[in-house]
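Engineer: model the structure of this input:
(chains A and B)
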Amino acid sequence: MAAVSQLQRQFIEYTTSLYNEGYLDDQFTQLQKLQDESNPEFVVEVVSLFFEDSEKLLNNLATALQQKIVDYKQVDSHVHQFKGSSSSIGAQRVTNVCVHFRNYCEEKNLDGCLRCLQQVKHEYILVRNKLEALFRLEQQILQAGGSIPMME
Amino acid sequence: MNLGGGQVVNKQSMMPGSSGGSWKSSGTSGGGGDGGVPDQFPSGLRVLVVDDDSTCLMILEKMLRHCKYEVTKCNRAEVALSFLRENKNGFDVVISDVHMPDMDGFKLLEHIGLEMDLPVIMMSADDSKSVVMKGVTHGACDYLIKPVRIEALRNIWQHVVRKRKHEWKDFDPSASADEHKQSEEPDYSSSANEGHNWKNTKRRKDEDDEADERDESSSLKKLRVVWSVELHQQFVAAVNQLGIDKAVPKKILELMNVPGLTRENVASHLQKYRLYLRRLSGSQHPGGMNGGFMGGPDAGYGSISSLNGLDLQALAASGQLGQLPPQSLATLQAAALDRSNNAKSTISVPVIDQRNIFSFENPKSRYPEVQSQHLTNNNSSKQINLLHGIPTNMEPKQFVSLHQSGQHSLGSMNNLVLIQMGGQSQIHVHSQSQTQSQAQSNVNTHNGLRSNEMLPRGGVVDMAPTVYNPVVSVSQASPLVNFSMNHKTDSCGTSYPLGGSLGISSLPTASSALQGDGNLDTKIPRKGIVPSYDIFNDLNQNRDWGLPDVGLTFDQSQHTIQSGLDASNPLLLQHNRSSGRDLGGQNRNLTSDKVVLSPGFESRIHHNGSNVGQPRNVYVKTENDIDGSCHNTLYSEQYGQDDLLAAILKQQQQEGVGPEDEFVFDGYALDDLPV
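Structural biologist: Numbering: from 1, shown residues only, chains lettered A, B, ... in the order given. Here you go, the predicted model:
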């Protein structure tokens, strides 16, 4: 089981770093706590749902900001939604960008909005990659016969 | 999804752990295993979660399941409402997101509060103070900021318990304490009985016997009365009769005489109603409701507002409906008529309506004289005001405001609005009828008259489509209106012709005749009205008709209804015409016309232009776009005015003031109504 414990250690380190770097926050921990035997894939499911929704939102945002006449209310509404879902997942950095993004929307600052769009996309892709890596690690642990260590 | 239906077990006592039966579901719900541990939160609490974000929805559901609650989730407000309606008593608490694409969370909140009286918890990623405040004013029990943590969800049961406790308290102060603490059944035999009866009452519409079973077994859970439109109308009528100041649950209950209804039911509903009225008056803001409404006879028929003013003044002068000096009435009518005639599109009709109400006695002749200009232009604005002005106190003002704001269809809206507001409704009614008549272009004096008579009672937003003879519809509506009006009178001293409203109910017969008939014979309505008028007088003798007090001032500025009201649909209260969420604050601004229909008032609008006879439930969608004040849009423009009126009137007829319409606040869907 050296492999398992090694994987588990890796898992813990990786997770800790994600928290430290602000990719994830306590909300993610909450999600993990919700997972139980009755629904062992809960976190993966929710996060997948988040990915799907986010991609749609990002597309909508891009479209909305490309309009000749930008409807900032609409943009704001998308960002607001993104903020809500990302914060529910615990994708902290994404949420933070959303906050700034909303401010630009209020100011109707197209430039600022476009920049934020890029930024939020970037953060989203980052956190998505990180989470996917985390899930892969989990799978590896499980396949090796181990159990996922619970983060405090 | 909704497990409520099936869960007899869960329904029981709200108190956690109070007895084995409380919350803990025997197994249907998640927890079930607690066995009445007093310290544990109640398991089996039936929660309905509404959020358009599927990620959040999934997370919430999971969290709630972890709390051992029974969860039903939906991502659309409309769907949620239908769940709630189908499963009356199927849920204990609702959690709703604020920002949703299909319906504003606050609107949903209001609907639920009025229709089902369930505790509603709002949530949002938006934690700005204004939004939270909005939640408070709309009556949310709590406001959660996303991301929601499970700890926050664990305690939501307290809102359910609290609400029940308050209801019980109304019912039986001494018992409330007991009930609150433990399972209700044992302690309250009376309440249990009532609850049982109540359930039966509720169940009238509902064939579900679950509650009965539950009742017998554990019942403690107070059955929530479903305030159908009919019931609500009865309620409003009773309140109006007693006078808003004097309306105490006990008396209301007696007046309503609904078997199975408990005093606490009435009390809690009254509370909501008052809040609603207050909100309406608050939102309306001065613009609409000012006393300008009663421009007084001199006000000049030219402007609708003046008409309103006249009406009011007339009323004020007379002190009572009956006493309205013929002149004033005439003026009013004339104005109203004028407007309607002239301004087909404008709401002026409403104005007339108002007047009509007051001057039940005024023969048609009045109209001819009055036919002047006022109606047309001002009406719309006025009407709008009326609508908005429904706030309890504002009755007269409302008219005024309606006037001003509601150039267009607002008038009709006003009527509607009035209705809701109770006392105000009278005035509104007028407007409605007016608008209707307007719409019809052949609004003749008859119509004007009719409208008076028809004043829809409160809550009946039936703005008969313009096509319809306003008169006809009005009469029908009036009963509806009346009851709201009565309600108001007390409060604002603008005792609008309550009699009128009362009378209105009697009109039904008359109105029916009118319906569908372009030329309504005013006589008919009149007859109807007169009798009521007397009643009204009796009832409102002590009322202070001081309409002038109300200070209806037609505030042109205010009306929020303006935008919404189309000339074509004077009656339709538009509540959100404008995209104006910008209004923010005052609903009055028409941009977002929020027609404030008493929440939950579902005005039946008969779509059929000419067939009033078919009661159709037209739901006016009230959107509370406006942040803050106007959330209750009473009528949506859709009211096919004629139809609406007809519908309303018809209903009225059938039921008298009775609550025909469901007190369905949300989503008035005036599908057929021409906008």
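
Engineer: residue in chain B with the shortest distance to chain A?
Structural biologist: Taking CB to the nearest CB as the measure, the point where chain B comes nearest chain A is residue B:125, at 3.7 Å. C-beta coordinates here come from the backbone N, C-alpha and C atoms, glycine included.

Engineer: need the contact list for that residue.
Structural biologist: In this structure, residue B:125 makes contact with A:80, A:83-84, A:87, B:145-147, judged by CB atoms under 8 Å, 6 or more residues apart in numbering or on different chains.

Engineer: so what does it look like in phi/psi?
Structural biologist: Here is the backbone geometry of residue B:125 (degrees, to the nearest 10): phi -80, psi -10.

Engineer: just give me the neighbour total for the residue nearest to it when sequence neighbours are not counted.
Structural biologist: Using CB to CB, 6 or more residues apart in numbering or on different chains and skipping the chain neighbours, the partner closest in space to residue B:125 is residue A:84 (3.7 Å). Residue A:84 has 28 neighbouring residues, counting by other CB atoms under 10 Å in any protein chain shown.

Engineer: buried residues, the helix or strand containing residue A:84. List them.
Structural biologist: Residue A:84 belongs to helix A:72-89 when elements are defined using DSSP states H and E. Residues of helix A:72-89 classed as buried by neighbour count (16 or more other CB atoms under 10 Å in any protein chain shown): A:72, A:74-89.

Engineer: same question for the next helix or strand after it, mean pLDDT?
Structural biologist: As assigned by DSSP H and E, the chain's next helix or strand after helix A:72-89 is helix A:92-107. Averaged across helix A:92-107, the pLDDT comes to 93.

Engineer: what sits against whatever residue of chain A ends up closest to chain B?
Structural biologist: At 3.7 Å from chain B, residue A:84 is the closest residue in chain A, using CB to the nearest CB. The contact partners of residue A:84, taken as CB under 8 Å, 6+ apart, are B:53, B:56, B:97, B:124-125, B:146-147.

Engineer: now do 10 Å
Structural biologist: A:95, A:98, B:51-53, B:55-56, B:97-99, B:123-126, B:145-148 (CB atoms under 10 Å, 6 or more residues apart in numbering or on different chains).

Engineer: please apply the same query to residue B:150.
Structural biologist: Here residue B:150 is in contact with A:30-31, A:33-34, B:59-60, B:62-64, B:66-67 (CB under 10 Å, 6+ apart).

Engineer: please apply the same query to residue B:51.
Structural biologist: A:81, A:84-85, A:88, B:57-61, B:73-77, B:80, B:95-100, B:105, B:123-124, B:146, B:148.

Engineer: what subset of these is buried?
Structural biologist: Buried among these by 16+ other CB under 10 Å: A:81, A:84-85, A:88, B:57-61, B:73-77, B:80, B:95-100, B:105, B:123-124, B:146, B:148.

Engineer: okay, and which of those residues map to strands?
Structural biologist: Residues of those located in strands (DSSP state E): B:73-74, B:95-97, B:123-124.

Engineer: what bits of the chain have low per-residue confidence?
Structural biologist: By default, I'm working from chain A. Where chain A drops to pLDDT under 70, the residues are A:1-2, A:152.

Engineer: that's the wrong chain, I wanted chain B
Structural biologist: Ranges of chain B meeting pLDDT under 70: B:1-41, B:170-225, B:282-675.

Engineer: what's the longest helix in it?
Structural biologist: For chain B, the helix that runs over the most residues, judged by DSSP state H, is helix B:263-289.

Engineer: and for chain A?
Structural biologist: Max-length helix for chain A by DSSP H is helix A:110-143.

Engineer: other SSEs contacting that one?
Structural biologist: With contacts taken as 3 or more CB pairs under 10 Å, 6 or more residues apart in numbering or on different chains; DSSP states H and E, helix A:110-143 sits against helix A:2-20, helix A:26-34, helix A:42-66, helix A:72-89, helix A:92-107.

Engineer: would JSON lines of those with distance to residue A:141 be doable?
Structural biologist: Listed next are those as JSON lines, based on distance: least, CB to CB, whole Å:
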{"stretch": "helix A:2-20", "distance to residue A:141": "5"}
{"stretch": "helix A:26-34", "distance to residue A:141": "14"}
{"stretch": "helix A:42-66", "distance to residue A:141": "14"}
{"stretch": "helix A:72-89", "distance to residue A:141": "21"}
{"stretch": "helix A:92-107", "distance to residue A:141": "25"}
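
Engineer: between the ones you listed, which gets nearest to residue B:90?
Structural biologist: Minimum separation from residue B:90 across these (CB to CB) falls at helix A:26-34, 25.1 Å.

Engineer: distance from stretch A:90-110 to the middle of the chain?
Structural biologist: Relative to its chain's centre, stretch A:90-110 lies at 15 Å (CA atoms, centre = their mean, to the nearest Å).

Engineer: next one: stretch A:35-52, is it in contact with chain B?
Structural biologist: Yes. Using CB under 10 Å from any CB of the partner chain, we find that stretch A:35-52 touches chain B at A:35-36, A:38-39, A:42-43, A:45-52.

Engineer: can you pull the contacts of the residue nearest to residue B:99 when sequence neighbours are not counted?
Structural biologist: Here the nearest residue to residue B:99 in space, its sequence neighbours aside, is residue A:80; by CB to CB, 6+ apart that works out to 6.0 Å. Neighbour list for residue A:80: A:98, A:101-102, A:105, B:53, B:98-99, B:124-126 [criterion: CB under 10 Å, 6+ apart].

Engineer: picking that back up, pull out the buried residues from the longest helix of chain A.
Structural biologist: Neighbour-count burial for helix A:110-143, counted by 16+ other CB under 10 Å, picks out A:113-114, A:116-117, A:119-121, A:123-124, A:127-128, A:130-131, A:134, A:137-138, A:140-141.

Engineer: over to stretch A:95-110?
Structural biologist: Residues of stretch A:95-110 classed as buried by neighbour count (16+ other CB under 10 Å): A:95-98, A:100-102, A:104-105.

Engineer: could you list the buried residues of stretch B:243-252?
Structural biologist: Buried, per 16+ other CB under 10 Å, within stretch B:243-252: B:243-244, B:247, B:249, B:251-252.

Engineer: show me which pair in these is furthest apart.
Structural biologist: Using CB to CB, the pair of the buried residues of stretch B:243-252 lying farthest apart is B:243 and B:249, separated by 14.1 Å.

Engineer: residue B:131 and residue B:274, how far apart?
Structural biologist: For residue B:131, the distance to residue B:274 equals 24 Å [CB to CB, to the nearest Å].

Engineer: residue A:97 too?
Structural biologist: Using CB to CB, we find residue A:97 at a distance of 45 Å from residue B:274.

Engineer: what's the closest non-adjacent residue to residue A:121?
Structural biologist: Closest to residue A:121 by CB to CB, 6+ apart is residue A:58, at 5.7 Å.

Engineer: hmm, I typed the wrong one, I wanted residue B:268.
Structural biologist: The shortest distance from residue B:268 to any non-neighbouring residue, by CB to CB, 6+ apart, is to residue B:167 (4.6 Å).

Engineer: close to chain A: what parts of chain B are there?
Structural biologist: Proximity of chain B to chain A, by CB under 10 Å from any CB, involves residues B:30, B:51-63, B:65-66, B:97-101, B:123-126, B:145-151, B:579, B:581-582.
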